[in-house]
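[1] Sharing a sequence plus its predicted fold:
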Amino acid sequence: MFPGYAIEDVQKTIKRFVVGDFFSEGQESGIVITEAPEKTGFDYGVNLVGFARQLGMQPQELASETVRDLTSKKLVYVEQASDMGPFLNIKLDMTEFGRKVMGQILNMGKDYGKENEGKGRKVVIDMSSPNIAKRMTYGHLRSTIIGDAIANLYKSQGYEVIRDNHIGDWGTQFGKLIVAIKRWGDEDHLSKVEDPIGELQELYVKFHNEDKKQVDMLREKMKEKVEKEGIDSEPELKQAIEDVSQELMKRKHIGREELNMETVLEDALDRVVVSDLEKEGREWFRKLERGDKDTRRIWKTCIDLSMKEFDGIYKILGVDFEKALGESFYEPMLAGIIDEVRKSKVGKISEGALVVDLKKEGLGVAIIQKSDGASVYMTRDLAGARYRKEKLGAYKVIYVVGDDQKLYFRQLFSILGRLGHNIEGDWSHVYFGMVRLPEGKMSTREGRVILLRDVIDEGFKRAGEILDTKNKELSRDRKKRDKVVRQVAVGALKWNDLSQDAKKGFVFDWNKALKLEGYSAPYVQYTAVRANSILKLAGVDIDRLRKTAKFSEKTLSEPCKRALIRILAEYPKVLKTAIESNNPTKIATYVYEAAKRFNAFYTLTPVLGAGDKNLVDSRLMMVASASQVISNALGILGIEVPDEM
């Protein structure tokens, strides 16, 4: 069990005092305490407008009355109180408060900020999820690093975390890939080339290009036939036109005469025109599902080649997984899921397919099994959900997946609920906006992507160039240089995602993705390096500081020092706020502000040149505490602090 933190003691004391005997314990939660503006000379302010309204009092009257009471009593850590309009302003006894904060940070070290809220309960983070035989794109970076930061956050709060890399290694796309390998590829060649994943992806793109040619040709032939012989010559298309018409009229509440028949025809053609390549791909996937040895061998080769590529990228990013249960892992469980849905009142047969009708919830219709007997993503995710709940004992499951899947996960959670699997409130979809290119959305099948490996390589190049210019001595040591280049480049990449609202998509920009200055990871990393260099130069013994160093009032009276202590004290509270919303961006915002305040302190305050031993010790404690908190916060984000920069 971790101790109560100084910031909690202060805020609880203030809240309880303000509330007094007016309300029972717990009702003070409506009172929000924030930092007071620096010009006031106070540390914290409480806006009493809402509370005064509940009491039927004027806010200024309540503020004045509270100040009188506070002044007559000695509260722990509170030095002075003042009213300013509807605000109650509090000035802390910063010597006492600072001593408590620094003591906790230096005593707890890497554990500072940790809690035991989770009490060992299991949280599964479904993250990264690249597809076999496809290169990882910049879009995969988002799921990987957001998921990793959320995992670190939960771990810090006492949960047992299972990062599960839900590899895309199953589905009809593998039937298509096998067709491409058989027609245009060479299995033996794949295992010998330098970039096998690149070749597999090119084969995948070629399949779709050839498929599109076939489909376009078949559509034109069907249109010509209908034009010459009438719609009755293509009964399947005729039925599809009627189905599309009925759906559009119902959805848009319009009459048949208002339909755009050209659009109806194109939609109907989408439903009925299937190329020979597509049919062949579906057949190969059926063979894969049935366990055909030749098919499984090709599939396994694709997996092995892909995982070697993926693991190399994860090593660079510093991301590990407790599990890597691909979609194929759940294959033996699919029959049970299909049987469960089929026998329940939840599923029904529609045009030969097993579906769940969720239209009353505004979620459309979810397919569980295709009419040809093939499984779909939903089948496998239902199996995965059951496995995580029943076998892994998951208390929570967090799916870190793009915002284009919001409807899908609402369907998944709804179906699980209907089937009686109690997940309400414990499972969530943490979504992020999609990355676009200037010419549009990324698309693997169209060959329009930003490859993650290219972004990493470019980051290494830029970080290396800056390091070679600014620290020539470090650059001469190749081993050290390579380590720092990786730490800085990867830090910049992670910061680009984790420091902004993940829910918002953006257009990819090389300069923003690899930003090395200003609001960036390198700025924060360098702050920690600077603090550590001061400690190293002073030959600091943390144990001695912890046991014998004392604060002096002079050291803690200046605004830049008070501001630094306040923000270091806030760290445990920031972690709690971040976990409540599964939002690591709050950590990035916090640690950047902490770095700014440390740099202001460092600029305005001599540390080793302070003269008086007590002053030197006090300031070294602040330096050591700042370094520890910044390092802890960056650690949650998965960003390393270099030994030197």
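    Yep, that arrived. This one's a predicted model, so the numbers in the text were calculated from it and none came from an experiment. Numbering: from 1, shown residues only.
[2] Show me which residues of stretch 58-68 are buried.
    Within stretch 58-68, the residues scored as buried using 16 or more other C-beta atoms under 10 Å are 59, 60, 62, 63, 66, 67. No exception for glycine: its C-beta is placed from N, CA and C like everyone else's.
[3] Could you list the residues in contact with that stretch?
    If you take C-beta atoms under 8 Å, 6 or more residues apart in numbering as the criterion, stretch 58-68 is touched by 17-18, 48-49, 51-53, 55, 81-88.
[4] now those residues: which count as buried?
    In the contacts of stretch 58-68, the ones that pass as buried (16+ other C-beta under 10 Å) are 17, 18, 48, 51, 52, 81, 82, 83, 86, 87, 88.
[5] Name the nearest of the contacts of stretch 58-68 relative to residue 617.
    Set against residue 617, the nearest of those by C-beta to C-beta is residue 81 (30.6 Å).
[6] part of a strand, is the closest one?
    Yes. Assessed by DSSP: H, G, I helix; E, B strand; the rest coil, residue 81 belongs to a strand.
[7] Contacts only, for the residue nearest the centre of the chain.
    The chain has residue 146 as the residue nearest its centroid, 2.3 Å off, counting by C-alpha atoms, centre = their mean. Taking C-beta under 8 Å, 6+ apart, we find residue 146 in contact with 127, 400, 430, 432, 497, 498, 502, 584.
[8] Would you mind putting those into a markdown table with distance to residue 186 alongside?
    Formatted as a markdown table, the contacts of residue 146 follow (distance: C-beta to C-beta, whole Å):
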| residue | distance to residue 186 |
| --- | --- |
| 127 | 34 |
| 400 | 37 |
| 430 | 41 |
| 432 | 38 |
| 497 | 38 |
| 498 | 42 |
| 502 | 41 |
| 584 | 44 |
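[9] Which SSE is immediately downstream of the worst-scoring helix or strand of the chain on mean pLDDT?
    Ranked by mean pLDDT, DSSP states H and E, the weakest helix or strand in the chain is strand 440-441, scoring a mean of 64. Downstream of strand 440-441, the first helix or strand assigned by DSSP states H and E is helix 452-470.
[10] Check which helices and strands that next one sits against.
    Packing partners of helix 452-470 (3 or more C-beta pairs under 8 Å, 6 or more residues apart in numbering; DSSP states H and E): helix 138-156, helix 293-317, helix 472-476, helix 478-498, helix 510-513.
[11] Give me the angle between the fourth one and helix 293-317.
    Compare the direction of helix 478-498 with that of helix 293-317 by axes from the mean of the first three to the mean of the last three C-alpha atoms, to 10 degrees and you get 100 degrees.
[12] Flag every buried residue along helix 478-498.
    480-481, 484-498.
[13] One more: the shortest one?
    When neighbours are counted by 16+ other C-beta under 10 Å, the buried residues of helix 510-513 are found to be residue 513.
[14] next structured bit after it?
    Immediately after helix 510-513, counting by DSSP H and E, sits helix 521-538.
[15] Select the longest strand from this structure.
    Criterion DSSP state E: the longest strand present in the chain is strand 394-402.
[16] Strand partners (parallel or antiparallel) of that one?
    Sheet partners assigned to strand 394-402 using DSSP bridges are listed as strand 122-127 (parallel), strand 427-432 (parallel).
[17] Only the buried subset of the contacts of residue 146, as a PyMOL command please.
    A single PyMOL command is used to select the members of those judged buried by 16+ other C-beta under 10 Å:
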select buried, resi 127+400+430+432+497+498+502+584
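[18] As CSV, the buried residues of stretch 58-68 with secondary structure, pLDDT and distance to residue 233 would be great.
    Conversion of the buried residues of stretch 58-68 to CSV gives the following (DSSP: H, G, I helix; E, B strand; the rest coil; pLDDT from 0 to 100; distance: C-beta to C-beta, whole Å):
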residue, secondary structure, pLDDT, distance to residue 233
59, helix, 86, 80
60, helix, 90, 85
62, helix, 85, 84
63, helix, 87, 84
66, helix, 85, 86
67, helix, 88, 90
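[19] what two of the residues you listed are the furthest from one another?
    When C-beta to C-beta is used, the two most widely separated members of the buried residues of stretch 58-68 are 59 and 67, lying 12.6 Å apart.
[20] quick one: stretch 566-580 to chain centroid distance?
    Here stretch 566-580 is found 18 Å from its chain centre; the criterion is C-alpha atoms, centre = their mean, to the nearest Å.
[21] Going along the chain, name the strands of the stretch 1-150 of the chain.
    Taking DSSP state E, counting those that start in this stretch, the strands of the stretch 1-150 of the chain run over residues 33-35, 44-47, 78-84, 87-92, 122-127.
[22] quick one: stretch 73-87 to chain centroid distance?
    Mean-position distance between stretch 73-87 and its chain equals 40 Å (C-alpha atoms, centre = their mean).
[23] For it, which outside residues touch it?
    Under the contact criterion C-beta under 8 Å, 6+ apart, stretch 73-87 has outside partners 6, 9-10, 13-14, 17, 36, 40, 42, 45-49, 52, 59-60, 62-64, 66-67, 70-71, 88-94, 96-97, 100.
[24] try it again with 7 Å
    Stretch 73-87 is contacted from outside by 9-10, 13, 17, 40, 42, 45-49, 59-60, 63-64, 67, 70-71, 88-93, 96-97, using C-beta atoms under 7 Å, 6 or more residues apart in numbering.
[25] In this structure residue 628 contacts residue 109, no?
    Yes. Residue 628 lies in contact with residue 109 (C-beta atoms under 7 Å); the separation is 6.2 Å.
[26] more neighbours, the two?
    For residue 628 and residue 109, the more surrounded residue by other C-beta atoms under 10 Å is residue 628, and the numbers stand at 24 against 13.
[27] and the helix or strand encompassing the more buried one, what's its mean pLDDT?
    In this assignment (DSSP H and E), residue 628 forms part of helix 613-636. Across helix 613-636, pLDDT averages out at 94.
[28] got it, and stretch 140-157?
    Throughout stretch 140-157, pLDDT has a mean value of 96.
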